[in-house]
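Colleague: Here is a sequence with its predicted model. Questions after.
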Amino acid sequence: MSDPRSRSAILIAIAAAAGAFGALAMVSAPAARADDTTQIIDAIQGDYAQGQIDFTAALTDFGHGSSVQGMAELLNSVNDYSLSPTDNLVLGTVEALEGDPITSSLYFDDLNDPGSFANAVEQAQIFFNEGQDFLSNAAIDFSSGDYGAGTYAELTGSADAYVLPVEELLLGALAALDPTLVY
């Protein structure tokens, strides 16, 4: 038969070793920080919050008779609700996979009352040129292996080149249709 004291001494030694290992693990634990998934979700929630702010501004502008500015804020809101969340999901995922810091929300607050169709055409051309610059930079970033920067430039360039100019021309047409809408 075995001695019960030796069995209890072994159990105490194992418990002490486990306690020491647990204390060592707590001492060397890294500082807590938000994980990438949380930061991506926060960015998407920021898009929806900004979309709500723009939607509220649109309702206020419509209520005050500022139809063109109200439409601009409404388009900003729709962009924040529909384009920004998917863009942030894609961009955040690429940045997380690359080990890059997660970019905060990508907002679409670029539209305002152009005042006239001519001003809208000028602003649409500026948006389009900026978009082409971003898309050119995206190609350079992708070819050099910087996928986070390339994705950011591609998403921003696509919005600037293909979404915002059309919306700006729509606002210009609205301003041109009824000169009393321009205040």
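Modeller: Perfect, I can see it now. Computed from a predicted structure; not experimentally measured.
Colleague: What spatial separation is found between the nearest residue to Thr156 once chain neighbours are set aside and Glu122?
Modeller: What sits nearest to Thr156 in space, not counting adjacent residues and going by Cβ to Cβ, 6 or more residues apart in numbering, is Phe134, at 4.9 Å. Bear in mind the C-beta positions are built from the backbone N, C-alpha and C, glycine included. Phe134 sits at a distance of 19 Å from Glu122 (criterion: Cβ to Cβ, to the nearest Å).
Colleague: ok, these two, which is more surrounded?
Modeller: For Phe134 versus Glu122, neighbours defined as other Cβ atoms under 10 Å are more numerous around Phe134 (19 against 13).
Colleague: contacting residues around the more buried one?
Modeller: Under the criterion of Cβ atoms under 8 Å, 6 or more residues apart in numbering, the contact list for Phe134 reads 153-154, 156-157, 160-161.
Colleague: so which strand or helix has it?
Modeller: In the assignment (DSSP states H and E), Phe134 maps to helix 117-143.
Colleague: Look up phi and psi at the spatially most central residue of the chain.
Modeller: Note on the chain: the residue nearest the mean C-alpha position is Ser105, at 2.7 Å, using Cα atoms, centre = their mean. In terms of degrees, to the nearest 10, the main-chain angles of Ser105 are phi -60, psi 140.
Colleague: Not counting its neighbours along the chain, what's nearest it?
Modeller: If the residues on either side of it in the chain are set aside, Ser105 comes closest to Gly46, at 3.7 Å by Cβ to Cβ, 6+ apart.
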